[in-house]
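J.: the following comprises the amino acid sequence and a computationally predicted model.
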Amino acid sequence: MGKRIHMIGMCGLGMSSVALLLKEEGNTVTGSDAECYGPPQETLAVAGLTPLLPYSPSNIPADVDEFIIGRNAKLVRTENAEVEAAYQTGKPIYSFPEVLGRLTKNRRNVVVAGSYGKSTTTALLAHILRHAGLDAGYFVGAEPVADTPAKIGTHELFVLEGDEYPSGHDDARPKFLHLHPTDVLLSSAVHDHVNVYPTHESYLEAFRQLLALVPDNGTVTVCADQPDALTLAQASGKNLVTYGVTNGMYAARDMSFDGRISFTLIKEGEPVIALTSELLGKHNVENIVAVSAYVLSRNLMAPEALAAAVADFKGVRRRLDKVANSSIPMHEGFGSSYEKARAAIEALKLHFPNHRLVVVFEPHTFGWRNRANLPWYDNAFAGAGLAFIAAPETQGATTHDQLSHEEILERAKAAGVDARPYDANNRASVLDAIEPNDVVLVLTSGDLHGSLPSLVRDFEERFPA
């Protein structure tokens, strides 16, 4: 018989995905949050789960068996009455990575880790396995366009997006250390999360600990184009499979970005098979090669089955999917870090080489808001003809050296960018600046201070398809 589990912070990307797994396992799941928007709102609704808003001790069921509490800044025990009430019950309290580890401890876990590419690579690997008839379980900290973000599955393989961020307010361990990896797919180890890892060395140590968990019968599939990741993998002493766009055992050749991705997958210089995808950008060539290297090196399917599955993959929401039904293209990128922002901008420049690129950007994460990273703005928007920049998010501003809106705008302008302030209450300033040959990229890991849905709606009305 299942448990009654209450999730506080249910509308986070990871938390909402875990909610699906817990319900599928047969538990009664309830939850709460301060607000619910974006992909998690739809994910939970489809699963028949309705979060209680806002936080309140009255949200807690009388017969609760255990709690799962997220890690966002609003969930500190001393500042959240519902969290405090949960502790007062004396019932077990877990972080969601602990629960993921419990749910998957008897599976062959493939943990997809790295500074970037995790969500798309995890979703793509899960899709390819299932497309080939393997009922693999999976957990994605984002929403695949054509599927749910998590399923338990029946095959021994379980694909998990592994995050290096701390597990909870009372558990500083990186989330991925809870996930019992048999295999690791490591895309990169570029310094990120400066509020948690102040130095690059402290950041790399988290990945060393992850790789140390891989058993003798496991493998590390690592990007040979990313020096930090490759160095970590080589030093781990584990069984290695290397990949990259240009380097590695598996790589790409004859790349084309004419409307969609196409390239020839090669192994040790010899052609394996031609691959095509609806995804955009050179970084997604890298993601596809990564997954190809994993499944082919383990003989999980034939190259022809791989090609069919790659062609059928619809992508992940907020990863360059087209968000507006409009005559002028509007895509959304998950701009949580410098590398992700650059990859998104470069992708649209590849696919729309003769269009002016207009970027609407929100510095939402600590990385974009931290004064130590002000040099990011020296070329963050290189290639863009116009950039609208929103004010930085204020949540957690006192925990680090926060940049001001003016400092960000000035730095971007000094780099030669036509940078203008974005005002959530004056979206017409964006619409009025759009020209017929433009393509628009929204870059944020937030929601443009609550205005993103309205901006998309206004865009569709101004520029109907």
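T.: Structure's in. What do you need?
J.: all strands for the stretch 1-150 of the chain, in order.
T.: For the stretch 1-150 of the chain, applying DSSP state E, counting those that start in this stretch gives strands covering 4-8, 28-32, 66-69, 93-94, 108-113, 137-139, 150-151.
J.: against residue 98, how distant is the residue nearest to residue 8 when sequence neighbours are not counted?
T.: Counting by CB to CB, 6 or more residues apart in numbering, residue 8 lies nearest to residue 69, which is 4.7 Å off, once chain neighbours are set aside. Every residue, glycine included, has its C-beta placed from N, CA and C. With distances taken as CB to CB, to the nearest Å, residue 69 is found 10 Å from residue 98.
J.: run the chain-centre distance for stretch 89-104.
T.: In terms of CA atoms, centre = their mean, to the nearest Å, the centre of stretch 89-104 is found 22 Å from the chain centre.
J.: please identify the buried residues of it?
T.: Buried residues in stretch 89-104, counting neighbours by 16 or more other CB atoms under 10 Å, are found at 93-101, 103-104.
J.: now swap in stretch 44-54 and tell me
T.: Buried residues in stretch 44-54, defined by neighbour count with 16+ other CB under 10 Å: 44, 47, 49, 51-52.
J.: list the ones among those residues that fall in helices.
T.: Among these, DSSP state H puts residue 44 in helices.
J.: residue 414 versus the nearest residue to residue 411 once chain neighbours are set aside, what's the distance?
T.: Distance criterion CB to CB, 6+ apart; nearest residue to residue 411, sequence neighbours excluded, is residue 377 at 4.0 Å. Residue 377 sits at a distance of 8 Å from residue 414 (criterion: CB to CB).
J.: likewise residue 173?
T.: In terms of CB to CB, residue 173 sits 40 Å off from residue 414.
J.: between these two, which one's more packed in?
T.: Using other CB atoms under 10 Å as the criterion, residue 173 and residue 414 rank with residue 173 on top: 15 against 11.
J.: sec struct for the more buried one, please.
T.: Three-state call for residue 173 (DSSP: H, G, I helix; E, B strand; the rest coil): strand.
J.: OK, contacts around residue 67?
T.: With contact taken as CB atoms under 8 Å, 6 or more residues apart in numbering, residue 67 is in contact with 5-8, 86, 89, 91-94.
J.: adding pLDDT, write those residues out as CSV.
T.: Converted to CSV, the contacts of residue 67 look like this (pLDDT from 0 to 100):
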residue, pLDDT
5, 98
6, 98
7, 98
8, 98
86, 98
89, 97
91, 98
92, 97
93, 97
94, 97
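J.: okay if I get the residues you listed as CSV plus distance to residue 146?
T.: As requested, the contacts of residue 67 are exported to CSV (distance: CB to CB, whole Å):
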residue, distance to residue 146
5, 28
6, 30
7, 25
8, 30
86, 36
89, 40
91, 37
92, 36
93, 35
94, 31
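J.: which members of those residues are the farthest-apart pair?
T.: Maximum pairwise distance among the contacts of residue 67 (CB to CB): 14.4 Å, between 7 and 89.
J.: one step back: could you look up the SS state of the residue nearest to residue 411?
T.: For residue 377, the secondary-structure state derived from three-state DSSP is helix.
J.: and it, how far is that from residue 240?
T.: Residue 377 sits 36 Å away from residue 240, going by CB to CB.
J.: what secondary structure does the residue nearest to residue 199 when sequence neighbours are not counted sit in?
T.: Distance criterion CB to CB, 6+ apart; nearest residue to residue 199, sequence neighbours excluded, is residue 191 at 7.8 Å. What three-state DSSP gives for residue 191 is coil.
J.: ok, residue 191 touching residue 198?
T.: No: with contact defined as CB atoms under 8 Å, residue 191 does not count as touching residue 198 (9.6 Å).
J.: list the contacts for residue 233?
T.: By CB under 8 Å, 6+ apart, the contact list for residue 233 reads 186, 211, 220, 222, 240.
J.: any stretches of the protein with poor pLDDT?
T.: Counting by pLDDT under 70, the chain shows low-confidence ranges at 1.
J.: rerun that using 80 as the cut-off
T.: Residue ranges of the chain with pLDDT under 80: 1, 37-39, 259.
J.: roughly how far does the residue nearest the centre of it sit from residue 138?
T.: Nearest to the mean C-alpha position of the chain, by CA atoms, centre = their mean, lies residue 119 at 4.3 Å. Note on residue 119: its distance to residue 138, by CB to CB, is 11 Å.
J.: swap in residue 279?
T.: According to CB to CB, residue 279 stands 18 Å off from residue 138.
J.: higher neighbour count, the two?
T.: residue 138 (29 against 23).
J.: if we can go back for a sec, who has more neighbours out of residue 377 and residue 240?
T.: Legend: neighbour count by other CB under 10 Å for residue 377 and residue 240, higher for residue 377 (26 against 18).
J.: OK, contacts around the more buried one?
T.: With CB under 8 Å, 6+ apart, residue 377 has these contacts: 408, 411-412, 415.
J.: repeat for residue 312
T.: By CB under 8 Å, 6+ apart, the residues touching residue 312 are 127, 131.
J.: output the longest helix belonging to the protein.
T.: Looking across the chain with DSSP H, the single longest helix is helix 282-297.
J.: noted, bye for now.
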